[in-house]
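Participant: I'd like to go over a predicted model; first the sequence, then the structure.
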Amino acid sequence: MSELDHRFRRGHDDLGLRRALPGRLLPALVAAMAFLAALAAAGVVATAHLATQWQHGALAAVTIQVPRPGEPAADDAQDQTRRAAVQAVLAATSGVSVHQLDEGELADLLRPWLGDSAERLSLPLPAVFALHLADPDRDLAALTTRLDQAAPGTLVERHELWRGRLAALARSLQAAAGLALLLVGGIAVAAITVATRAGLAARREAIELVHQIGAPDRFIAQRFAARASLLALIGGTIGALAALPVLLILAWLAAPLTGLTPRLATLALLLPPPLWASLLALPAAAAAIGWVTAQATVRGWLALLP
Amino acid sequence: MVRLDNIGLDYGPPGGGGHTVLSDISFALPQGGFSWLLGPSGAGKSSLLRLLMLAARPSRGHLEILGADIARARRGALPGLRRRIGVVFQDFRLLDHLSAFDNVALPLRLAGRPEGQVRADVAEMLHWVGLFERAEARPAELSGGEQQRLAISRAVIARPALLLADEPTGNLDDAQAERLMQLLHELNRLGTSVIVATHNEALVARHPAAALRLHHGRLAQAAPA
Ligand SMILES: Nc1ncnc2c1ncn2[C@@H]1O[C@H](COP(=O)(O)OP(=O)(O)OP(=O)(O)O)[C@@H](O)[C@H]1O
Ligand SMILES: [Mg+2]
């Protein structure tokens, strides 16, 4: 039977589908849909990226404040300062990396509240350590107790609440982008179904005749599917190409936030590989949606004939 | 090869409520026979042919076409049977977006014949019915008689095992009608079973053969002439 299909496919437009499924409207609709799908895919990729950054980046940090850092530690015989006592405890703790904020960094933190005069006010500033946890979910109770013993009054502050909120936000954004992608796909299916139905109505007599003289459903459905998937492929390609400059501009604008330095020569590096992959997959996905939708629509319609 | 047992056909919603156009039809035709299908307008000739061309399934009874039990046949088995049945429709049903040539070529291309053979066979057929000069014309550009000859060409081009012709001489002059009868007898000799529905009593008188006569959807005569 593949011989049969082959002969028929060779240039003969027996069902007149070139006019029944015209080559402008459907590609234009699919192009618009593909454009939106590219933006939604960019949303999915970008929020996924942000989510992992927020999970493992600065927000995994714990801050430790040591008030009166210069005074001797409580029960210390070797006249060690409270700052040094805390440092010693932290150094002995595995699975964390420690950074002590210097005076400049502290001044930066306080500037919004105290202005440039922070240093000159000679306030009794605490020593501040920023801690990165290798395991963001690690329990800090034991460390907190040991720090309090080494230097009573030491505050351990975890940014858990913010981490949770940002993770929820990232997940919601991702879900919204994913939903948009699904909706766009659904609308594409609807548009192709409507176009196929219109084509069936326009060629009703030809199809009934070809059915009557012995064309199997598979053959008629394949003619429609070939035409619909070609038109969807064209539309998908146009949509993906149109989305490319938009995404590059967005990535350019976002580059300072994601720590990339934009350079024209490395424009390709601006888009993450998963986004490139989705852009390349868009035309193929459009063609596949066109094929499957037209097949299902035509076979459903033909099933009503005896 | 064609066998009907108590066949009935209703038009309208399935499962009753429709109106009955055929009832209690029983007859059998041997392979390679020629039969007239006669009866007044509205008697059900076209409806009976619709059953035989597998365009409708009978509402009642047992139908056997080309050795296949139609009531029990899978839907997927019907296209193969339809490709062995040639039909001349009362209203021609030519495809307006195709040339005369491509209309006639349709069954051959559907059967997967090589394009070279398609071209040769269609050209010969169009010569035979006197339409070769009009091969590139659209059906809408042809006269009624020319369209009918085109419809006949499409029905016989693939040498069907069963040929069903519904009023095939309605738009033909006497000479053309005689030529058509020649063609049908020729096919008949090659083994095709032929059933021709017609009002043309003069033609029937000139070519006596077995006749099925319908009256109000019932068989009034099913005997050889
Ligand atoms: N699709 C249909 N739906 C409902 N009734 C129909 C349909 N087709 C035909 N009929 C009715 O069935 C009866 C038989 O019609 P049919 O076309 O079989 O007659 P016919 O013998 O071919 O007539 P003619 O010689 O005028 O072509 C008629 O009463 C007609 O009105
Ligand atoms: Mg009729």
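Facilitator: In hand now; what should we look at? Numbers count the residues shown, from 1 in each chain, chains lettered A, B, ... in the order given. Ligands and ions are numbered 1, 2, ... in the order given.

Participant: burial count for B:Ala151?
Facilitator: Residues near B:Ala151, counting by other C-beta atoms under 10 Å in any protein chain shown, number 24. (Each C-beta comes from the backbone N, C-alpha and C, glycine too.)

Participant: so which strand or helix has it?
Facilitator: If you go by DSSP states H and E, B:Ala151 is part of helix B:144-156.

Participant: Pull out the CA atoms of that helix and give them to me as CSV.
Facilitator: Only the C-alpha atoms of helix B:144-156 are listed here, as CSV (Å, rounded to 0.1, in the frame of the first residue of the first chain):
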residue,chain,number,x,y,z
GLY,B,144,-24.1,17.2,-20.8
GLY,B,145,-23.4,14.3,-23.2
GLU,B,146,-19.7,14.8,-23.0
GLN,B,147,-19.8,14.8,-19.2
GLN,B,148,-21.8,11.6,-19.3
ARG,B,149,-19.2,9.9,-21.6
LEU,B,150,-16.5,11.1,-19.2
ALA,B,151,-18.4,9.6,-16.2
ILE,B,152,-18.7,6.3,-18.1
SER,B,153,-14.9,6.4,-19.0
ARG,B,154,-14.0,6.8,-15.3
ALA,B,155,-16.3,3.9,-14.3
VAL,B,156,-14.8,1.4,-16.7
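
Participant: and the residue lying closest to B:Leu52 once chain neighbours are set aside, helix, strand or coil?
Facilitator: Closest residue to B:Leu52 in three dimensions, ignoring its sequence neighbours and counting by C-beta to C-beta, 6 or more residues apart in numbering or on different chains: B:Leu164, at 5.6 Å. Under DSSP: H, G, I helix; E, B strand; the rest coil, B:Leu164 falls in the strand class.

Participant: Just the pLDDT for B:Leu164.
Facilitator: For B:Leu164, the pLDDT comes out at 96.

Participant: Next: A:Ala142.
Facilitator: On the pLDDT scale, A:Ala142 gets 86.

Participant: And it, how close does it get to ligand 2?
Facilitator: Between A:Ala142 and ligand 2 the computed distance is 96 Å (C-beta to the ion, to the nearest Å).

Participant: I'd say A:Ala151 and A:Gln80 touch.
Facilitator: No: A:Ala151 lies out of contact with A:Gln80 (C-beta atoms under 8 Å); the separation is 9.7 Å.

Participant: Please list the residues of chain B that sit near ligand 2.
Facilitator: B:Ser46, B:Gln90 (C-beta under 5 Å from the ion).

Participant: Which of the helices or strands spans the residue in chain B that ligand 2 sits nearest to?
Facilitator: Closest contact between chain B and ligand 2, by C-beta to the ion, is at B:Ser46 (3.1 Å). Element membership of B:Ser46 [criterion: DSSP H and E] is helix B:45-52.

Participant: Which secondary structure elements does the helix or strand that that helix is followed by sit against?
Facilitator: Per DSSP H and E, helix B:45-52 leads on to strand B:60-65 as the next helix or strand towards the C-terminus. If you count contacts as 3 or more C-beta pairs under 8 Å, 6 or more residues apart in numbering or on different chains; DSSP states H and E, strand B:60-65 packs onto strand B:2-11, strand B:19-29.

Participant: how near is A:Thr63 to ligand 1?
Facilitator: 84 Å (C-beta to the nearest ligand atom, to the nearest Å).

Participant: Confirm that residue sits in a strand?
Facilitator: Yes: the assignment for A:Thr63 by three-state DSSP puts it in a strand.

Participant: Just say helix, strand or coil for the nearest residue to A:His132 once chain neighbours are set aside.
Facilitator: Spatial nearest neighbour of A:His132, chain neighbours left out: A:Ser97 (4.6 Å); criterion: C-beta to C-beta, 6+ apart. The three-state label given to A:Ser97 by three-state DSSP is strand.

Participant: per-residue pLDDT, A:Ser97?
Facilitator: 82.

Participant: Whatever residue of chain A ends up closest to ligand 2 - nearest residue in space that isn't next to it in sequence?
Facilitator: Nearest residue of chain A to ligand 2 (C-beta to the ion) works out as A:Gln212 at 15.8 Å. Spatial nearest neighbour of A:Gln212, excluding adjacent residues (C-beta to C-beta, 6+ apart): B:Ala55 at 6.0 Å.

Participant: Report how many residues lie close to that neighbour.
Facilitator: Using other C-beta under 10 Å: B:Ala55 sits among 19 other residues.

Participant: returning to what we had before: the residue of chain A closest to ligand 2: what's it in contact with?
Facilitator: Residues near A:Gln212 by C-beta atoms under 8 Å, 6 or more residues apart in numbering or on different chains: B:Met53, B:Ala55, B:Arg82, B:Val87, B:Arg93.

Participant: Look up how far A:Leu200 lies from the last one.
Facilitator: In this structure, B:Arg93 lies at 17 Å from A:Leu200, with C-beta to C-beta, to the nearest Å as the measure.

Participant: who's more crowded, those two?
Facilitator: Higher neighbour count among B:Arg93 and A:Leu200: A:Leu200, with 21 against 18, using other C-beta under 10 Å.

Participant: does the closest residue in space to that one that isn't next to it in sequence sit in a helix or strand, and which one?
Facilitator: Distances taken as C-beta to C-beta, 6+ apart place A:Trp301 nearest to A:Leu200, at 5.3 Å, with adjacent residues excluded. Element membership for A:Trp301, per DSSP H and E: helix A:273-302.

Participant: the more surrounded of A:Ala151 and A:Gln80?
Facilitator: Counting neighbours by other C-beta under 10 Å for A:Ala151 and for A:Gln80 shows that A:Ala151 has the greater number, 27 against 15.

Participant: give me the low-pLDDT residue ranges for chain A?
Facilitator: Applying pLDDT under 70 to chain A flags residues A:1-11, A:53-60, A:74-78, A:109, A:111-122, A:160-161, A:255-269.

Participant: now the strands for it?
Facilitator: Ranges of strands in chain A, per DSSP state E, are A:61-66, A:96-100, A:127-133, A:155-158.

Participant: Dump these to CSV, plus mean neighbour count.
Facilitator: Output for the strands of chain A, formatted as CSV (neighbours: other C-beta atoms under 10 Å in any protein chain shown):
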stretch, mean neighbour count
strand A:61-66, 20
strand A:96-100, 14
strand A:127-133, 19
strand A:155-158, 15
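
Participant: Which of the helices and strands packed on strand B:60-65 sits closest to B:Arg72?
Facilitator: Across these, B:Arg72 has its closest neighbour in strand B:2-11 (13.4 Å, C-beta to C-beta).

Participant: so where is chain B shaky, pLDDT-wise?
Facilitator: In chain B, residues with pLDDT under 70: B:14-17, B:222-225.

Participant: For chain A, what's its nearest residue on it.
Facilitator: Relative to chain A, the nearest point of chain B is B:Arg83 (3.2 Å; C-beta to the nearest C-beta).
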